[in-house]
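Chemist: 3D, please:
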Amino acid sequence: MESKEAIEQQMLLNCHTYYSFCYGTLSVDELLSLAKQAGHSCIAVTDINNTSACIDLVRKAKEEYHLKPILGIDFRNGAQQCYVGIAMNNQGFKELNDHLSLHLHGTIPFQEKAPEFTNAYVIYPLKNYKAQTLRENEFIGVSVKELESLAFINAQKHTKKFVAQQPVTFTEKKFYNAHRLLRAIDTNNLLSKLPESEQANADELLYTHQELYFAYASYANIISNTAAILNSCSIDFTYGKFANKNLKYFTTSLADDINLLRSKCMENLSYRYTHPTPEVMKRIEKELDIIQQMNFASYFLINWDIVNYAQHKDYYYVGRGSGANSIVAYLLRITDVDPIDLDLYFERFINPARTNPPDFDIDFSWTDRDDITRYMFDTYGHKRTALLGAYNTFQKDAVIRELGKVFGLPVGEIDRLQVTDSSAYKNLDSMSKMVLRYSHLIKGFPSHLSIHSSGIIISQEEITNYSATSMPPKGYPTTQFSMLEAEDIGLYKFDILSQRGLAKIKDAIHIVKENKGVQLDMHKVSDFKDDERIKELLREGKTIGCFYVESPAMRMLLSKLRADDYLRLVAASSIIRPGVSKSGMMREYIVRFRNEHLRKKARETLPVLYDLLEETYGVMVYQEDVIKVAHLFADLTLTEADYLRRGMSWKFKQRNEFHVVKEKFFTNCAKKGYNEKLVNDIWVQIESFANFAFSKGHSASYAVESYQALYIKAYHPIEYMVATLNNGGGFYRKELYLHEARLQGATVVLPCVNNSGALCYLVDKTIYLGFGMINEVEHRTHELIIEEREKNGAYLDVDDFLKRVPISVEQMRLLVRAGAFRFTGKNKKELLWEIHALINPQKQREKELFEIRPKTWKFPTLNESPIDEAFDQIELLGFSLCSPFELLKEKLTSKLLSKQLGAYVNKEVIIVGYLITVKTTYTSKGDKMYFGTFIDTEGAWIDTVHFPPSARTFPFIGPGCYELKGKVVEEYDFVSIEVNAMKRLSVIDRERMPEAETQANA
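Modeler: Modelled structure (predicted):
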């Protein structure tokens, strides 16, 4: 029996965190900490129509704050409270989650009367009580403010039904003000116009247990009823290493799962290894033992099931993440990375000491991902499968904008506040100061639920055992907790992603088969890892369109690393990441790779670190390197080292465990006698790098996809460029991919109503541009043209087309100007006159029941020139099919070519280039500078650097051809120009072309 003091303390039945979106103001930690300080030993958290806080709160309440947690839900229609549900136990929590999910999925309002719960209490607010009969588990909640009204109610007959329901939404006035601002933002109201019905009462404060006890002291029955409810409730979840809540078996038992895994490995062994070595066989057995020991067999088999379905549907995919370290995953064809070849250790993926779940990321084409998701839900059930939720939070600029609107500030004033620094704060008026002050308070609050970019969970039990689910537009149940809480309770996500790089490979394979009759198997990467054509493309930077290696930065890196093989491409895939670059490790890796003397010096300076990372010349390149340094350099356990790696994420940095491990890192290094500056330097490297670097297996997966793209481009370049165009291009504009195709011998033909489809297609070496390339031509127009043509044959002329295709004059004009009717033999000016004579501009031309002979018109001679054609193409396609240099008003001021720059190193040159892309960046002092990428008249790259003085004096002023003046520099084989002067060259003025020139060109 609990003491009277314990019973008195247990009176918090209706507490909100800031996961009561745009209503609550307290984080989980703040609520628990303040409740503890206020003398409470038990707390019931009941967020509004939400369970996001629950998993984290139960763990923290018990482990960190030593409070008894109770879970519930505050069921409301908008801001109006209907009733509060309090879970007696885990089953009761599920009942509440099922009830909330039903309403969220169908956007169904809650009734005044709660459904009949078996394992949950229901508390109706006093103001809603209409003297209805209450079930045994139903009660009436009375707040402190409402106690005075009990004198006017026949309270005697309800003595067993009244409970203390003092809502907790904020703790002090500034949080009450923040609450009102959040409500105004949520309801899109000015603060002065916010209805009282949309906000909480000002007294929804956290009282101390003594204050609550004295407030209700005259109503002993209320105190005892409340305590009885809270004492009868209990909730618990298993957390940590042994909290596996995923689908337990893929078959019917662990033994059968392992047997199936083994048989599938052996079945595919010859596909992966022509002559399996003893090392391969030993690695297979080792992995299967650990998979069995950690009960991850079903996780592997579900991933196998997903990719097996993809193979049968002819979907292209790439498995990546640390899962690429597994030979079992390689044999199951989940990944295409051979861990033996790259010396990837399985323990990075799964090891007995590791507490977090394994990680497979499987990328599919953007056209196939939705079907994969549907397959998973249909196969494993909508009650046990869910998309993983995520939290959108208020960010600085967005908060200032929203608060400015709430206070009624003009747009210009809000814009100024967004760039106001601390030095200007004192000069602001009181309203502006208030906006900034409350923006700091609200910044970081969760604003609403969203969906994790790729995570799907499959649970042994129904998802509502752990969370209510919402139903976003995707149409699949989505948890109200994030990946962090999922990991805490042992729900391992399946990352199902999409990217256009895979769609390009998939489509290119189909185009190659259709155009050349060749069937490619791009999953047998070992067949082309040492291909000489691929090496040549890498050496020469001819990687346009290829996944992850086409950007200017990657071309530069590959050049400096002399990367023409798979292993160096693996390293480059991680080195290029922001963290490695930011920490200075990318440059350090390059100089050590190219300079034996510097490698030797690095070994002498840091022998311990160099020996640990000898493969990468003493530089941290992969995530595994963080683990190595933490484990072997700082004597952290493997578990601690892995936690340190994961802890670089800002979300994990919030956790106390990360700070404990960080402190141990420094303590251990001090014990080992390391120089303090050395330790701090290494920590800075780890901190700036770990969250952005790839694992080696992940880098290898990216390199595999790059190699697959490079192989297709090397042997089937035109097919690959068509696939690239049909999937939205890549890093560059579409015109560059057409330019590349023509360099490879392709002929490019404008869209035609008798030949084109929605997408570009290839016949031999002729690329027929699709209707989708024409700006503002509607998708429905494509469909109508193609459907009618397939049904009744080619169009004879404009009149025949207009009789068969219902189309507006605006759409028709676009098609004519794009050249889609050139088969008629008439020029575009004549055709434009003709369509205006045939179509009433006020209405769309409809199909005719009877053939009506059109009037014939005699037009004057209407001339057009190639220049007219080029400008139409620029307007409608975004580029012209002729060279941009042909459109210049004056002759080229220089005939220097990119291939000649190597002969002018450290000399001033003038060269003309067509602008492809610009990257804006800033120096350490905050000065703007640029990196430019151009092509010369032969289509070869020109790379430029524009330091701040040049960037200020000679800024970029839009697309076009530029005359570039500057010094040619070379660093580790990469040639670029440091521009000191630049001007954009004028193009021909279409409107002012002399008539004689027009006639001549015609």
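
Chemist: Glu413 against Leu428, yeah?
Modeler: No. In this structure, Glu413 is not within contact of Leu428 by CB atoms under 8 Å, at 9.8 Å. For glycine as for every other residue, the C-beta is placed from the backbone atoms N, C-alpha and C.

Chemist: mean confidence score for the longest strand seen in the chain?
Modeler: The single longest strand within the chain, with elements called by DSSP state E, is strand 908-922. The predicted model assigns strand 908-922 a mean pLDDT of 95.

Chemist: so which elements touch it?
Modeler: With contacts defined as 3 or more CB pairs under 8 Å, 6 or more residues apart in numbering; DSSP states H and E, strand 908-922 has these neighbours: helix 552-560, strand 928-935, strand 941-946, strand 961-971.

Chemist: try 7 Å
Modeler: strand 928-935, strand 961-971 (3 or more CB pairs under 7 Å, 6 or more residues apart in numbering; DSSP states H and E).

Chemist: so where do the helices sit in the stretch 251-400 of the chain?
Modeler: With DSSP state H, counting those that start in this stretch as the definition, the stretch 251-400 of the chain shows helices at residue ranges 254-267, 269-272, 278-293, 297-312, 327-331, 369-380, 396-406.

Chemist: can you add distance to Gly584 and mean pLDDT and give the ones you listed back as CSV?
Modeler: What follows is these, written out as CSV (distance: least, CB to CB, whole Å; pLDDT from 0 to 100):
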stretch, distance to Gly584, mean pLDDT
helix 254-267, 43, 96
helix 269-272, 39, 94
helix 278-293, 36, 93
helix 297-312, 37, 96
helix 327-331, 34, 96
helix 369-380, 37, 97
helix 396-406, 28, 93
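
Chemist: dihedrals phi and psi, Arg76?
Modeler: Backbone dihedrals for Arg76, given as degrees, to the nearest 10, come out at phi -140, psi 150.

Chemist: so it touches Asn49, yeah?
Modeler: Yes. Applying CB atoms under 7 Å as the test, Arg76 and Asn49 come out as touching, 6.1 Å apart.

Chemist: which one of those two has more residues nearby?
Modeler: Here Arg76 and Asn49 are compared on neighbour count by other CB atoms under 10 Å; more neighbours surround Asn49, at 20 against 17.

Chemist: who touches that one in this structure?
Modeler: Shown in contact with Asn49 (CB atoms under 7 Å, 6 or more residues apart in numbering): 73, 75-76, 100.

Chemist: tell me the pLDDT at it?
Modeler: Among the per-residue scores, Asn49 shows a pLDDT of 98.

Chemist: tell me, what's touching Arg76 and Asn49 both at once?
Modeler: Between them, Arg76 and Asn49 share no neighbouring residue, with contact defined by CB under 7 Å, 6+ apart.

Chemist: helix, strand, or coil at Ile55?
Modeler: helix (DSSP: H, G, I helix; E, B strand; the rest coil).

Chemist: does the nearest residue to it once chain neighbours are set aside lie in a helix or a strand, and which?
Modeler: Of all residues beyond its chain neighbours, the one nearest Ile55 is Glu485 (4.0 Å), with distances taken as CB to CB, 6 or more residues apart in numbering. Under the assignment given by DSSP states H and E, the secondary-structure element containing Glu485 is helix 483-488.

Chemist: chain center to that helix, what's the gap?
Modeler: Relative to its chain's centre, helix 483-488 lies at 18 Å (CA atoms, centre = their mean, to the nearest Å).

Chemist: following it, which helix or strand comes up?
Modeler: Trace forward from helix 483-488 with DSSP H and E and the next one is strand 494-499.
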